[in-house]
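Asker: Sequence isn't available, so here's the structure alone:
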């Protein structure tokens, strides 16, 4: 996988945004592959409102967002209401995120966030545009990357280093079980526990270490009066799905 753009293909364009769009989309078209099945991707015709790429074999769809600086903690997206409608749709696309060095035109990071990690909690509503704006009252949104578990960011390129195809496909398969969960609230709880495990920051951890997040989870789920029971339930679910291994009483390991 090449990590440098072919900028010559954008020479006939004048604006920086047009140039960026052309060479980033061309790179994904030529170098990226579907993380679900490993096949080459195809580009949708211009003007499609949501997705930019699709896999002809398995029909997965992908939206591409790129930045010439660091990705940061959040990504600006489109209309807030439209995004929430997308979350309830079966054809909500997966998200490709790419950032690059403008001086060398080399990719620093390129990763995919599978669509099953998108829940309303990671969508932040922006303030309405002012009355003097051309689209007065329009409300946009941000995608809060910081609230997506680490396993939900599958890197092709990380800090300039290319990951193996086998590892990318394996990382994608690890969390496909989340697509089986259609209830948004239930999926939100699973992702909350995944985030708690990320914050512990160890391959092996104890039940008590997850219990340490009880207060934060209580604030996020004020109607739930049995937080510890819910924690145990989600750990059991993650164990049954092969995401965790049970070592001994009160001890777990990431698979």
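Answerer: Good, I have the coordinates. Note that the coordinates shown come from a computational prediction; the quantities given were computed from them, not determined experimentally. Numbering: from 1, shown residues only.

Asker: Residue 30 - that's part of a helix, no?
Answerer: Yes. Counting by DSSP: H, G, I helix; E, B strand; the rest coil, residue 30 is found in a helix.

Asker: What are the contacting residues of the helix or strand containing residue 110?
Answerer: In the assignment (DSSP states H and E), residue 110 maps to strand 106-113. Outside strand 106-113, the residues that touch it by CB atoms under 8 Å, 6 or more residues apart in numbering are 3-5, 27, 32, 35, 62, 70-71, 94-101, 145, 148, 152-160, 172. All C-beta atoms are positioned from the backbone trio N, CA, C, and that covers glycine.

Asker: Repeat that for stretch 29-44.
Answerer: Under CB under 8 Å, 6+ apart, the answer for stretch 29-44 is 1-2, 25, 28, 51-58, 60, 62, 94, 96, 110, 112, 114, 154, 156, 165, 168-169, 171-172.

Asker: Show me what counts as buried in it.
Answerer: Buried residues in stretch 29-44, counted by 16 or more other CB atoms under 10 Å: 31, 32, 33, 34, 35, 36, 41, 43, 44.

Asker: Where does the residue found closest to the fifth one once you drop the neighbours it is linked to in the chain sit, in terms of helix or strand?
Answerer: So the one you mean is residue 35. Once flanking residues are discounted, residue 35 sits nearest to residue 172: 4.2 Å by CB to CB, 6 or more residues apart in numbering. Assigned by DSSP H and E, residue 172 belongs to helix 165-174.

Asker: likewise residue 59?
Answerer: Using DSSP H and E, no helix or strand contains residue 59.

Asker: Next one: it relative to residue 39, how far apart?
Answerer: Note on residue 59: its distance to residue 39, by CB to CB, to the nearest Å, is 10 Å.
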